[in-house]
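> coordinates for the following, if possible.
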Amino acid sequence: MPYIRISIARPRPGQEKRLAELQQAIADYSAKQPGCDRSYVLRPHDHSGEIARISIWDNESQAEAAANSDHMLSLRSELNLAAAEGGHSERAFSDQ
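Residues are numbered from 1 along each chain as shown. The predicted structure follows:
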């Protein structure tokens, strides 16, 4: 059953490029991990400035293993610094 992770982040002023780079680095890293079927960075069609990332996994345990790796924790920590306060949300969904 697919397991989907979605991250939406709004950059701090002056951090737009850095936030986009980090979202892409996380998507690229995720795509190379066991169980990741696809990983994308998405930009909105409005002027919100938000940058989203979506990854589709075979199951939750593989997504969790990748999310808890040292490299991913480091990237997510940097992402939190580039995102506006209260401007970052992460959600997960499955087809259950």
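> C-alpha from now on. contacts and neighbour counts both.
Will do.
> residue 73: how many residues sit nearby?
Other residues near residue 73 number 14, with proximity taken as other Cα atoms under 10 Å.
> can you list the residue ranges for helices in the protein?
Assigned by DSSP state H, the helices in the chain fall at 16-31, 60-67, 70-82.
> mind checking the longest strand of this protein?
strand 83-94 (DSSP state E).
> still on that earlier bit, with respect to residue 39, which of the helices of the chain lies nearest?
helix 16-31 (5.2 Å; Cα to Cα).
> just checking, what packs against that closest one?
strand 36-42, strand 51-57, helix 70-82 (3 or more Cα pairs under 8 Å, 6 or more residues apart in numbering; DSSP states H and E).
> in a markdown table: those, plus distance to residue 92 and mean pLDDT.
Formatted as a markdown table, the helices and strands packed on helix 16-31 follow (distance: least, Cα to Cα, whole Å; pLDDT from 0 to 100):
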| stretch | distance to residue 92 | mean pLDDT |
| --- | --- | --- |
| strand 36-42 | 14 | 97 |
| strand 51-57 | 10 | 97 |
| helix 70-82 | 16 | 96 |
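> tell me which of those is the most buried.
Neighbour counts (mean count of other Cα atoms under 10 Å) averaged over each of the helices and strands packed on helix 16-31 peak at strand 51-57, with a mean of 22.
> residues contacting residue 77?
If a contact means Cα atoms under 8 Å, 6 or more residues apart in numbering, then residue 77 has no contacts.
> what's the spacing between it and residue 65?
17 Å (Cα to Cα, to the nearest Å).
> list the buried residues for stretch 13-27?
15, 16, 18, 19, 20, 22, 23, 24, 25, 26, 27 (16 or more other Cα atoms under 10 Å).
> name the nearest of the residues you listed relative to residue 1.
Distances from residue 1 to the buried residues of stretch 13-27, taken by Cα to Cα, are shortest for residue 27, at 20.5 Å.
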